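**Q** What follows is a predicted structure for the sequence shown.
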Amino acid sequence: MFTVLFSFFTWITIKMSGNKERTFIMVKPDGVQRGLVGEIIKRFEAKGFKLVGIKMKQASEELLKKHYEELAGKPFFGGLIKYMLSGPVVPMVWEGLNVVKTGRVMLGETNPADSKPGTIRGDLCIQVGRNIIHGSDSVETAKREIGLWFEDKELSDWAPAQQSWVYED
Ligand code: IDP
Ligand code: MG
């Protein structure tokens, strides 16, 4: 009996923690300037993901260099930092089952020219240096990026009324 109950609760916990995966999504300065914040939020909302954090912010050079630290050696790094400093960004945290991987699929490829129609980059932008949106590439990266851009108290843990209509159980 104990084993059955234990397995059941472990199963429930695993299922729920899957639905609680989080990713860091950010509308870049060109997305903000082009009035695409609403369009981007709309796609994540309509998919069924849950918004748990959002703000508008003029990022500092220090924050952006940390955010993109693994690209520091690339020839486009200077231009990337300048682009990201060129105006406010809209950082967000979205939650849901496989949201990191699915979020990347929704974004499309890094280069909009390689992105399929139906994806955000495939539909809404043209060049790699103006690709309007950032999305974490792994669960580990997402944790690091969320920690860089948000304090814990800025994230809301809430239960959407639609939850049981989005997930099977
Ligand atoms: P990702 O945003 O799809 O994860 P990354 O390889 O992590 O792509 O690169 C981060 C960002 O750096 C890209 O979104 C894009 O803004 C910029 N970037 C990447 N490659 C190039 C390039 O070849 N030229 C200019 N900018 C680039
Ligand atoms: Mg990346």
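**A** Sure, I can see it. Ligands and ions are numbered 1, 2, ... in the order given.
**Q** which residues does the residue nearest to the spatial centre of the chain bridge with?
**A** With distances taken as CA atoms, centre = their mean, the residue of the chain nearest its centroid is residue 25 (2.4 Å). Note on residue 25: beta-bridge partners by DSSP bridges are residue 92, residue 135.
**Q** right, and the helix or strand after the helix or strand containing residue 66?
**A** Secondary structure assignment for residue 66, by DSSP states H and E: helix 61-67. Heading C-terminal from helix 61-67, the first helix or strand you meet, by DSSP H and E, is helix 77-85.
**Q** buried stuff in the helix holding residue 66?
**A** Neighbour counts using 16 or more other CB atoms under 10 Å place 63, 64, 65, 67 of helix 61-67 among the buried residues. In this view, the C-beta of every residue, glycine as well, is placed from N, C-alpha and C.
**Q** How about stretch 136-153?
**A** Of the residues in stretch 136-153, those buried by neighbour count under the rule 16+ other CB under 10 Å are 136, 137, 142, 145, 146, 149, 150.
**Q** any residues touching it, and which ones?
**A** Under the contact criterion CB atoms under 8 Å, 6 or more residues apart in numbering, stretch 136-153 has outside partners 21-26, 53, 55, 57, 63, 66-67, 91, 93, 100, 103-104, 155.
**Q** isn't the residue nearest to the centre of the chain right up against residue 120?
**A** No. Counting by CB atoms under 8 Å, residue 25 does not reach residue 120; the two are 9.6 Å apart.
**Q** Could you name every residue contacting both of the two?
**A** 40, 133.
**Q** ok, the closest residue to residue 105 other than its chain neighbours - contacts?
**A** Distances taken as CB to CB, 6 or more residues apart in numbering put residue 119 closest to residue 105, at 7.3 Å, once the chain neighbours are dropped. By CB under 8 Å, 6+ apart, the contact list for residue 119 reads 105, 106, 107, 108, 109.
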